[in-house]
Structures are given as structure tokens and as C-alpha cells.
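> Fold the following for me, if possible:
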Amino acid sequence: MRYISRIVIFLIVGLLAIPASGQKKGETGQDYFKRQEYALAVKAFEKELKKAKKKKSEQARVEAYIGMSYYYMNKPREASTRLKKGIDLGYKKADAYAVYGLSLQKQEKYTEALEAFNQCIKTDSKYPNINLYIQSCNYAMEHPEPNTQIVLRSSKVNTDGSEYGISPGPEGEIFFSRAPVKGRIDPRTGLAYTDVYVCKLDGNDLTKPEKEKAFMKAYYNTGVFSYDTRTKNIYMTVCDPKGKCGIYKSPYNRNKWGKPEPVLINDKYDMVHPAVTNDGNRLYFSSNAPGGFGKTDIWYVDRVSDDKWSDPINAGNKINTPGREEFPFAGESGFLYFASDGHPGFGGLDIFWSTAEGNAIGTPQNLGRPFNSGADDFNLTTTGDKGLLISSRNINTGDDIYIFAKADLTKTEIAEEEEKETESEPIPETKPEPVIVEQPEPEPIVVEPVKPRPDNFAVIYFDFNRFVPQREYRQQYDEIAAQMKAYPNATFEIAGYADPRGGREFNSELSDKRAEYIAKRLVDRGVPKSNLIIKGYGFTDPAEPNASTEEEFQKNRRVEIRIIKTTN
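I've put the predicted structure just below:
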């Protein structure tokens, strides 16, 4: 087994078309495991274990496979316990070490997980994604504390089963799926098949949910959906009896759901998790279509007319990885949220955000704690002044619904541990060569220090190799935004700069990130994005052109916010 991936259920309604499955005579635990029927695999392996008491190597193998089965059922505690038994008994295969490490990672036992991953490398130095797993453990240990200003509340509607697939409706409804612990059991997960429920937000929690009967009668298997304010349609995932999933639309009518019409379907691959932008002009989704970068990628289509969309476009390798990118959500002001296990994070699926303007999608940033944890965190969405997400961080239950204030999405930059560059170069060990400012003239000219401009609203400073500003400047976002909003007809430039260390290309990208980061904080506080010009200038136009001390370099690492145009 070389393909490490937890089963992530795409659907709000579980695979109702799959007939009930039980253990069959003559089938082994390995048979069920290969078919990804992990609940049945555990039962079969437990029987085999009783017969293997006198053969240590067989005991080791069976214990390890029980552990791996539990991992794919999203039971990391049981998985790590059984895998350790298997390894201690002598099953020292790369797969066992890798899944053991991932199980520990989901429990946020990062030091132990690193030891397991290092053992995996000793067994197989080319094991897929192992370096990412190690990188994620290090990332998590460098960001240990959550932002205490952010409150993430577990909803009272959560049960011992699994709640997931959060989808807000246009009239205040909140739809979600529930897989109970009892009932007609899915042989893959060990949980019962799911039903759709509907409730509403009431303060900081959800009202008592009720089964959505009209919805259930209309469709087979339906996934996370998105409401299009432009056409008054609901876009949703619909799966056929064979489990092949595509994106359909239906006019929104709670009392009578119409027949869904296909929008994006293909016989050879899945297209799921639709997310329509606020203006209705773009539809993001997740797919395992060919031409992507990994197991599942984020794609999008742009609206050509009310009834026609462009051909699918891959969102690119800045956000897509060899892993899984799923559950896109088009937030306000052109920001894209999604879940991924292919970028460094805290473990499992983490939630990330990127800027998205036209075809330019920015480098993704981890949303940080407490939004993310060692477990799977995904399906972030917002409605009104609240945000919701799904997480399996409670080890005693399955996936659960968590609620937070939408404004808390803007507070992630003031966590105890600062965000770091996703792509950083080491500090040079020797003094960098002098920076030559390229000019058309054959002789270099003297660059004068930048003097404070009278049209500057603010100058924000950064530490070396960081795009998150120094802590004292993060407390000024509200004040700066309020001043900018006092000039509704002005155009502002958000200009990012870097010091000369690290190279021209690197600093050009770093200055872009600094400008984009500050712009997002201001837009989140009500500054119209249409009023902003966001640009990075690398290490040109330095405040200290001949900097040699850290204090002087500090003056060059900045973002300047200034008015460049006003209209009546």
C-alpha cells in the first residue's frame, strides 16, 4: 500500500445506493482492506488474530493492518495503539511507520510522529509524501499556541456520530449531514449511512435540527451545495447509483425541490464541492480530473452567460499539490478558502486562504490555530456574521460542527506564533554584495533615502524574511482602515518593499506578499478593494540605500500606504 489518504466523505447523503454489506464466507481481512471496507476488515482481522497466536510474524502483520484500517476509519487513537503493537512485534514496513506517524500527528503527538516518519525513511527513503509529513510536524511545533482572541465553539447539535457537509441556504437555513453510530452500517467507515438535517443559527449555536424530508425525496446522494444569488439556483453535488459524482443545479424552493440539471459531469471522474462567488461569475469545485497536480485539485469555471460556463480551468500549482485540495469556499472581497493535506500544516486536512483576482490566485496561507488542528479541519463557510467549519479534533466523536464569529477570520495574523514564509531563503552567512540599482544611464546614480511622503497614511515594518508585520503594527489595522474609509473617492497604493538580502527574484515576491497581506487586512475591515492598487517594489526605492546594520535594514522592510489619486 503506497497511497496514504483518509477516506473523506464528499457527500451530504451517504452512498444510499450501495446495498448493505456484511462479511462473506471465505473473505479475509486483506480482501476487505483492498476494497476499502475498513470496518469489515477490522472484524475479519480480529478473527485472524485469534488464530495467529503461535505465529509472531502473523500477529505483527494483522495488528498493523488493524491499525491501518482504524486510521482510514478516522480513529487515530485506536490506529496508533494497534500499529505500535504490530511494529513492536516485528512488522517494520514503511507503510506501517507512515500511517503510525500520521495517527500520532492527528493526536498532535508531533515528536513521536517525527520518530515514526524517520523510521519510515530508513525503511524506504523514497516513500511518497514523507518529507511533507516531516515538514508539517515541524510547522506545527513552530506554531504551538492558538490565538486566544478567537473562540471556536463546538455546536450542541454534535453527536457521537459524524456531522459534516455544512451548507448555508439563502433564507437562513443551515443544512448538514449526520452519520449516526447505529443503523445501517457503511462497511468502509463503521458508521451508519447519513441523513440530511436542517436548522438555523440562534446566537452562537444552531437550533435543534430536523430531517430535511423534501430534500431526501428528491435526490439520491447530494453533497455540499452553494447558492447563486444571480440566478437563484442551488449548485450541488449529485451522485448516481454507481457512485459517480457531478455538479448539478436546481431552482431553490424549500417546499418542492425540482429535478436537478447537470452542469459539470463526466463519466470518468468526479466533480464535487461547488462554490459560487458572490457576484455569480465564477464556480469553484474539486475534482480528480486528469491534468491536475494531485489526488484532487481545485478547479473553476467562469460564467459566459446565465446558462453557460467556460471549460474547466485548474487553479494552478500554487494552491494545488500532489495531495488533496477540497471544499473550496469563495469568501468576500475575492478571497478563496479551501482544505488541503498537501501544504505544510498541523496534520490531516488544514484550512487555507488565498487571494483570488481574475486568473491570479495567490500563494495559500495556513489559517492557523484554532481554526486548524492535528485532525481534519475542512468545509469552512460563512453566513451572516458567523462562520462554520467541520473538524474531527474531538477524538471521542467523528466529524463535528464548530461555530465562530466571521470577524475572527481577520484575527489570524495576531496568533502567539507569527506566520512564516512558505518559501524562504536562508539568511546569508556573509555580507551581501552591494545592490546596484539598474538605470538606463551607463553610470549608476546615487539613490537618496526615501523621505516620509505627506500623502502616506502609514508605514508598516517587518522582520527579516517575514510577510506578517511586527506585532506593534498589527494593532493599527482598525485605525488605518477607518482613516482610509474617510476618503471614499480616493485611490490608495499599498506598496511593499524588502531589504536587499536574499536576491532580486526572492525579494520581489516577498514585497508582493507583504503588500497583499496588508491589503487583505484592510479589505476585511471594510476598505473597498476597488480603491486599492497593490504592488511590490522588491528592494528598489530603499529608505536606507547603504544599509549595513540591522536597524538600517529594518527601515527598508516596509509597506507604505498612500493616496495616489482622488476624484470628486
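
> Only alpha carbons, please: show stretch 302-316 as PDB.
In PDB, the C-alpha atoms belonging to stretch 302-316 read as follows (Å, rounded to 0.1, in the frame of the first residue of the first chain):
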ATOM      1  CA  ASP A 302     -16.200  31.300 -15.400                       C
ATOM      2  CA  ARG A 303     -19.700  32.300 -16.400                       C
ATOM      3  CA  VAL A 304     -20.200  33.000 -20.100                       C
ATOM      4  CA  SER A 305     -23.900  33.600 -19.900                       C
ATOM      5  CA  ASP A 306     -26.700  32.800 -17.400                       C
ATOM      6  CA  ASP A 307     -26.900  29.200 -18.700                       C
ATOM      7  CA  LYS A 308     -23.300  28.600 -19.900                       C
ATOM      8  CA  TRP A 309     -19.900  28.300 -18.200                       C
ATOM      9  CA  SER A 310     -16.400  28.200 -19.600                       C
ATOM     10  CA  ASP A 311     -14.400  25.000 -19.900                       C
ATOM     11  CA  PRO A 312     -12.900  23.900 -16.500                       C
ATOM     12  CA  ILE A 313      -9.600  25.700 -15.500                       C
ATOM     13  CA  ASN A 314      -7.200  24.200 -13.000                       C
ATOM     14  CA  ALA A 315      -6.500  26.800 -10.200                       C
ATOM     15  CA  GLY A 316      -2.800  26.100 -10.600                       C
END
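
> tell me which residues in that stretch are buried?
Across stretch 302-316, burial judged by 16 or more other Cβ atoms under 10 Å covers 303, 309, 312, 314-315. All C-beta spots, glycine's among them, are computed from the backbone N, C-alpha and C.

> what does stretch 46-63 give?
Applying 16+ other Cβ under 10 Å to stretch 46-63 flags 48-49, 52, 58-63 as buried.

> Over to it now: how far is its first residue from its last?
This stretch, stretch 46-63, spans 8 Å end to end (Cα to Cα, to the nearest Å).

> Tyr133: neighbour count?
If you count neighbours by other Cβ atoms under 10 Å, Tyr133 ends up with 24.

> how close does the nearest residue to it once chain neighbours are set aside get to Tyr127?
Counting by Cβ to Cβ, 6 or more residues apart in numbering, Tyr133 lies nearest to Phe117, which is 5.1 Å off, once chain neighbours are set aside. Note on Phe117: its distance to Tyr127, by Cβ to Cβ, to the nearest Å, is 9 Å.

> Also Asn266?
Relative to Tyr127, Asn266 is positioned 32 Å away (Cβ to Cβ).

> between those two, which one's more packed in?
Between Asn266 and Tyr127, Tyr127 has the larger neighbour count (other Cβ under 10 Å), namely 18 against 14.

> check which helix or strand covers that one.
Using DSSP states H and E, Tyr127 maps to neither a helix nor a strand.

> Tell me who's in contact with it.
Counting by Cβ atoms under 8 Å, 6 or more residues apart in numbering, Tyr127 touches 2, 94, 98, 120-121.

> What's the per-residue pLDDT of it here?
We have a pLDDT of 95 for Tyr127.

> Next, work out how far apart it and Leu102 are.
Tyr127 is 12 Å from Leu102, where distance means Cβ to Cβ.

> do Ala490 as well
51 Å.

> Tell me which of those two has more neighbours.
Leu102 (28 against 17).

> so where's the chain shaky on pLDDT?
Residues of the chain meeting the criterion pLDDT under 70: 1-25, 185-192, 214-223, 241, 412-456, 502-503, 568.

> So which residues of it form helices?
Applying DSSP state H to the chain gives helices spanning 29-34, 38-51, 56-72, 76-88, 94-106, 110-123, 130-142, 213-218, 471-474, 477-485, 504-524, 550-556.

> what distance separates the second one from the centre of its chain?
Computed by Cα atoms, centre = their mean, to the nearest Å, the chain-centroid distance of helix 38-51 equals 34 Å.

> and that helix with helix 76-88, angle?
Per axes from the mean of the first three to the mean of the last three Cα atoms, to 10 degrees, the angle that helix 38-51 makes with helix 76-88 is 40 degrees.

> How about the fifth one?
Angle between the axes of helix 94-106 and helix 76-88 is 140 degrees (criterion: the same axes, to 10 degrees).

> again with the longest one
Between the axes of helix 504-524 and helix 76-88, defined by the same axes, to 10 degrees, the angle is 150 degrees.

> Can you list the buried residues in helix 504-524?
Using 16+ other Cβ under 10 Å as the test for burial, helix 504-524 gives 506-524.

> That helix packs against which elements?
If you count contacts as 3 or more Cβ pairs under 8 Å, 6 or more residues apart in numbering; DSSP states H and E, helix 504-524 packs onto helix 477-485, strand 490-496, strand 532-536, strand 558-566.
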